[in-house]
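*Asks:* Sequence first, predicted coordinates after that:
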Amino acid sequence: MTDLVVMVLVFVGVGVAFLAANLFVGRLIRPNKPTVMKGEIYECGEEAVGTAAVQFDLRFYVVALLFVIFDVELAFLFPWATAFGSATRAGNESLPETERAAALAQLNATAATPAGLQQFAGFAFAELLVFFGILLVGFAYLWKRGDLNWVRSTAGQTRRGD
């Protein structure tokens, strides 16, 4: 096995042992005094009313799904930012040679010219603009479709009895 696999297995083993030890010590120390009141079902300190199979507003699901989609898209920006920053630093001729060499090492590029790195940084920036453009088109589509309207406007509604 490689060193990385051994380190991961040791890390997981220590984590599981730590968790098991804490659960065992907690079971030994905590008092066990069950009562009827402790066995009752409650929600947020209130007594339960009705059944658990209740229809809920679909907007909760839609907003959660949209959050997950856009949050995952943001995760793609971190590798892009690392590559763009390294290419920009490595292509900047005003920086010291040691800093430029460290940036080249991050890019895994050994023999790159400053002009080529600046061209790569420009391509990465254009690629980000296309990525954001696609996200904005999706966001505008959802907005136009009304999926982002949480509260309906009361301006066009009339009161009863008017």
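*Replies:* Okay, I see it. Owing to the predicted nature of the structure, the values given are computational and were not obtained by experimental measurement.
*Asks:* low-confidence ranges in this protein?
*Replies:* Counting by pLDDT under 70, the ranges of the chain that qualify are 42-43, 45, 47-48, 52, 54, 108-112, 150-162.
*Asks:* What segments of it are helices?
*Replies:* Under the criterion DSSP state H, helices of the chain are mapped to 3-29, 58-75, 77-91, 97-107, 114-145.
*Asks:* Run the chain-centre distance for stretch 17-29.
*Replies:* Relative to the chain's own centre, stretch 17-29 is displaced by 31 Å; criterion: Cα atoms, centre = their mean, to the nearest Å.
*Asks:* Residues in contact with that stretch: which ones?
*Replies:* The contact list for stretch 17-29, computed with Cβ atoms under 8 Å, 6 or more residues apart in numbering, is empty. Just so you know, the C-beta spots here come from the backbone N, C-alpha and C atoms, and that holds for glycine as well.
*Asks:* now stretch 61-76
*Replies:* Residues outside stretch 61-76 that contact it (Cβ under 8 Å, 6+ apart): 131, 135, 139, 142, 147-148, 150.
*Asks:* Dump the helices of the chain to a markdown table, plus mean neighbour count and distance to residue 46.
*Replies:* What follows is those, written out as a markdown table (neighbours: other Cβ atoms under 10 Å; distance: least, Cβ to Cβ, whole Å):
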| stretch | mean neighbour count | distance to residue 46 |
| --- | --- | --- |
| helix 3-29 | 10 | 28 |
| helix 58-75 | 11 | 20 |
| helix 77-91 | 17 | 42 |
| helix 97-107 | 14 | 54 |
| helix 114-145 | 13 | 35 |
